[in-house]
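Trainee: sequence-free structure coming up:
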């Protein structure tokens, strides 16, 4: 109350002087302060056994939002580690960080003050991991950077995403299975993957299940899953198909028709973390299958 009465009785000239001093002080504060931008990484997932220009590697996907970088340049990068946290070392300077670690990155320029990147992709050839022959448990982490006074500074980093990599004397066909890593709560839901397979010299599904039909010798898709929520797989194709899944415990599940359609659905009311191998088949050996595989945690979704 006291402040109100004093300010009301001030003469205009004195008020102008006070306002002038205040504005000068505020200007000094703004000039001397750098307001940092903000970033949030919502999700990171990985597609394995991807070819780019004939080179086999992995694609890292990131969904993230940045604020305050409009008309500026940001940078996103993935860094690779052994499961114990030791970084992978680079040996040829092609996919590396400034301190000689294996990394892949890209600049980006947001078109808005608040910009969402729903699927930003980074590709790295497997050879650039520089791994010796054998099986390796690895992980990666995604970071987003902004430039402050000419230096790159980290804004946010993702959780680690683990994966297994094998090199050397391996089954080449098996290693070309399209593969994706997902965790409970993934977005967008459903995850989709277009599949096209030719079934020649396949094996009969009824060897491991109570379904009839044929599938190819190797899986058509592989999911590395982390979570215990309900999980559903369904396939919508151009012909009558059968779906076979081998879960992380080694159990086989099969389905033919579902939801009054010719499309198969397999649901796990409580999933287990690990590897899910998926085959899509036909009723005759030598058939062709084309369509889309859906993976969802939302059980109202189906063919």
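Mentor: Nice, thanks for sending it over. Note that this is a predicted model, so its numbers are computed, not measured.
Trainee: for the stretch 51-200 of the chain, what are the low-confidence residue spans?
Mentor: For the stretch 51-200 of the chain, the stretches with pLDDT under 70 are 168-176, 200.
Trainee: now the helices: where do they sit in it?
Mentor: Counting by DSSP state H, counting those that start in this stretch, the stretch 51-200 of the chain has no helices to list.
Trainee: Walking through it, point out its strands one by one.
Mentor: Along the stretch 51-200 of the chain, the segments classed as strands by DSSP state E, counting those that start in this stretch run 55-67, 74-82, 103-108, 114-125, 134-148, 151-157, 161-167, 179-183, 191-198.
Trainee: now the ones you listed in CSV, with distance to residue 37 and mean neighbour count?
Mentor: Where you see a C-beta, it was placed from the backbone N, CA and C, and this is true even at glycine. Shown next, in CSV, are the strands of the stretch 51-200 of the chain (distance: least, C-beta to C-beta, whole Å; neighbours: other C-beta atoms under 10 Å):
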stretch, distance to residue 37, mean neighbour count
strand 55-67, 6, 19
strand 74-82, 8, 20
strand 103-108, 12, 18
strand 114-125, 10, 16
strand 134-148, 5, 17
strand 151-157, 7, 14
strand 161-167, 24, 16
strand 179-183, 27, 20
strand 191-198, 30, 15
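Trainee: which one of those strands lies closest to residue 220?
Mentor: For the strands of the stretch 51-200 of the chain, the distance to residue 220 is smallest for strand 191-198, at 5.1 Å, taking C-beta to C-beta.
Trainee: thinking again about what came up before, minimum distance to residue 269: which of the strands of the stretch 51-200 of the chain has it?
Mentor: Evaluated with C-beta to C-beta, those place strand 179-183 nearest to residue 269, the distance being 17.6 Å.
Trainee: Give me the sheet partners of the closest one and which way each runs.
Mentor: Partner strands for strand 179-183, per DSSP bridges, with pairing direction: strand 38-52 (antiparallel), strand 221-226 (parallel).
Trainee: Bridge partners for the nearest residue to residue 114 once chain neighbours are set aside, pull those for me.
Mentor: Distance criterion C-beta to C-beta, 6 or more residues apart in numbering; nearest residue to residue 114, sequence neighbours excluded, is residue 67 at 4.7 Å. Under the criterion DSSP bridges, residue 67 forms beta bridges with residue 38, residue 114.
Trainee: how much space is there between residue 67 and residue 56?
Mentor: 37 Å (C-beta to C-beta, to the nearest Å).
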